[in-house]
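[1] Sequence and predicted structure below; questions after.
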Amino acid sequence: MVTPVYILSGFLGSGKTTLLQRLIRHWREQGLRPAVIMNEIGEVNLDGLLVSSDVPMAEMLGGCICCTIRGDLSVQMAELIEGEKPDLIVIEATGAGNPMEIFDAVTEVSLYLKLDIKPMVTVVDAAHLADLHASQQGKTYRLMMEQIRCGSVLILNKIDLLEPDRQREMTEFLRRTNPYARIIPAVKCDVDVTTLWKPEEEQDNSNPLVQRGAAYIEQNSEAAHEQDHGAIDHRHDHDHTHGHEHGYPQHEHNHDHDHVHPHASHEHVTVYTHYFDGPVDSMDFERFIAELPREVYRGKGVLRFTDTASRFLFQYAYREADYLKITPQGDVPDVAVFIGEHFDKHEIAQRLNALERKPSM
């Protein structure tokens with residue numbers, strides 16, 4: 001039996017998990033049994049809490065499937081296929097992953113397992129792209145360009161955050177960057193998921209935003225590797241604070257990987273994980289989130305507030321925060337994860353420690 005594999009790409013906070021939820025709901029309505037592989041460069045998978053607990057899921061944490069934990073992918077996929085017998089597998093790649101290398105990693109697995117690898121869908125944060133496009137420089141911008149070039153379908157998400165002129169400008173920019181992809185403007189990834197992987201000849205040709213094409217891998221493989229084809233030391237900077245100043249030991253891990261890969265590094269991506277020992281004041285925490293430095297692109301976590309008995313999942317992406325009341329399955333700690341580029345992890349830790357030490361009113 002051949003297992004279809006769908007890959008979702010996109011930078012941190014672009015809306016991949018929202019799209020994943022819509023896809024899972026669609027597939028299950030069709031009577032299919034999907035399985036999920038969730039990849040995070042941090043040590044905690046909080047996005048997975050948004051996926052129904054009865055959906056089989058494999059977590060690949062602490063690295064990218066394009067490099068540091070690449071060898072684990074075949075094991076995870078084999079266990080999912082043999083143990084759960086899903087009708088399909090969908091991979092949500094970490095937002096810091098190189099898309100061409102992710103494709104290569106999945107392709108390697110297809111040497112051992114019978115897989116039908118579907119074209120990549122890339123979710124693009126319209127507001128973040130517009131901001132980076134103004135300067136057109138930096139590693140984050142280059143990584144986002146690689147993700148755009150490798151997408152067969154580009155979902156230009158959060159389009160409502162841009163004025164109409166900027167919407168048109170970003171759409172045209174995507175069209176120039178990847179003329180082989182379909183471009184779908186969206187809010188909260190609200191798209192017709194039934195059309196995402198339709199054959200080219202079945203696509204609606206009347207929409208001027210739709211750019212069709214199926215040969216993007218051949219066209220973009222060379223371009224993606226030509227951008228940065230030197231041997232680069234591949235590092236992620238992970239910081240995990242488990243106890244703070246409450247009598248528990250602090251652990252700071254800087255995982256330096258000596259693996260050399262012929263593609264653009266994302267060593268500039270910084271991850272800070274903070275475990276809480278108790279609830280914090282909701283207004284103080286919201287103020288802390290609002291004052292996060294611009295270098296923090298993504299934040300997420302599960303925590304309790306002193307003024308309510310409920311637990312909340314918070315999501316932060318590009319200066320916007322959302323809070324969702326949840327009842328986690330299993331033993332889920334109170335934790336916050338922040339992902340960004342060269343931000344001061346110690347300042348974040350100090351402010352969160354201060355929130356925990358502050359007496360409740």
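    Happy to help now that I have it.

[2] Show me what the helix or strand encompassing residue 314 is packed up against.
    Per DSSP states H and E, residue 314 falls inside strand 311-317. Helices and strands touching strand 311-317, by 3 or more CB pairs under 8 Å, 6 or more residues apart in numbering; DSSP states H and E, are strand 296-304, strand 320-326. C-beta here means a position set from N, CA and C on the backbone, and glycine is covered the same way.

[3] Quick one: the helices in the protein, in order.
    All helices of the chain, identified by DSSP state H, fall at 16-29, 72-84, 99-109, 126-135, 139-149, 164-177, 216-227, 282-290, 345-357.

[4] export the ones you listed to CSV and tack on mean neighbour count, mean pLDDT and distance to residue 309?
    Putting those into CSV (neighbours: other CB atoms under 10 Å; pLDDT from 0 to 100; distance: least, CB to CB, whole Å) gives the following:
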stretch, mean neighbour count, mean pLDDT, distance to residue 309
helix 16-29, 19, 94, 26
helix 72-84, 16, 84, 35
helix 99-109, 21, 73, 41
helix 126-135, 18, 91, 35
helix 139-149, 22, 89, 39
helix 164-177, 15, 95, 42
helix 216-227, 15, 37, 49
helix 282-290, 15, 95, 12
helix 345-357, 16, 91, 18
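
[5] Pipe those helices into CSV and attach distance to residue 188 per row.
    Below are the helices of the chain laid out as CSV (distance: least, CB to CB, whole Å):
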stretch, distance to residue 188
helix 16-29, 6
helix 72-84, 28
helix 99-109, 22
helix 126-135, 12
helix 139-149, 19
helix 164-177, 16
helix 216-227, 25
helix 282-290, 20
helix 345-357, 28
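
[6] Residue 190: which of those is closest?
    Closest approach to residue 190 among the helices of the chain (CB to CB): helix 16-29, 7.6 Å.

[7] what about dumping the CA coordinates of that closest one to CSV?
    Taking Å, rounded to 0.1, in the frame of the first residue of the first chain, the C-alpha atoms of helix 16-29 are listed here in CSV:
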residue,chain,number,x,y,z
LYS,A,16,0.5,26.2,9.3
THR,A,17,-1.3,24.6,12.3
THR,A,18,-4.5,26.4,11.5
LEU,A,19,-4.3,25.0,8.0
LEU,A,20,-3.5,21.5,9.5
GLN,A,21,-6.6,21.6,11.6
ARG,A,22,-8.8,22.4,8.5
LEU,A,23,-7.1,19.6,6.5
ILE,A,24,-7.7,17.1,9.3
ARG,A,25,-11.3,18.0,9.6
HIS,A,26,-11.8,17.7,5.8
TRP,A,27,-10.1,14.3,5.6
ARG,A,28,-12.0,12.9,8.5
GLU,A,29,-15.3,14.1,6.9
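
[8] between that helix and strand 296-304, how many degrees?
    Orientation note: helix 16-29 sits at an angle of 60 degrees relative to strand 296-304 (axes from the mean of the first three to the mean of the last three CA atoms, to 10 degrees).

[9] need the helix or strand of this structure with the lowest average pLDDT.
    strand 256-261 (a mean of 34; mean pLDDT, DSSP states H and E).

[10] Count the residues that sit near residue 344.
    13 (other CB atoms under 10 Å).

[11] wait, it sits on residue 272?
    No. Using CB atoms under 8 Å, residue 344 makes no contact with residue 272, being 9.4 Å away.
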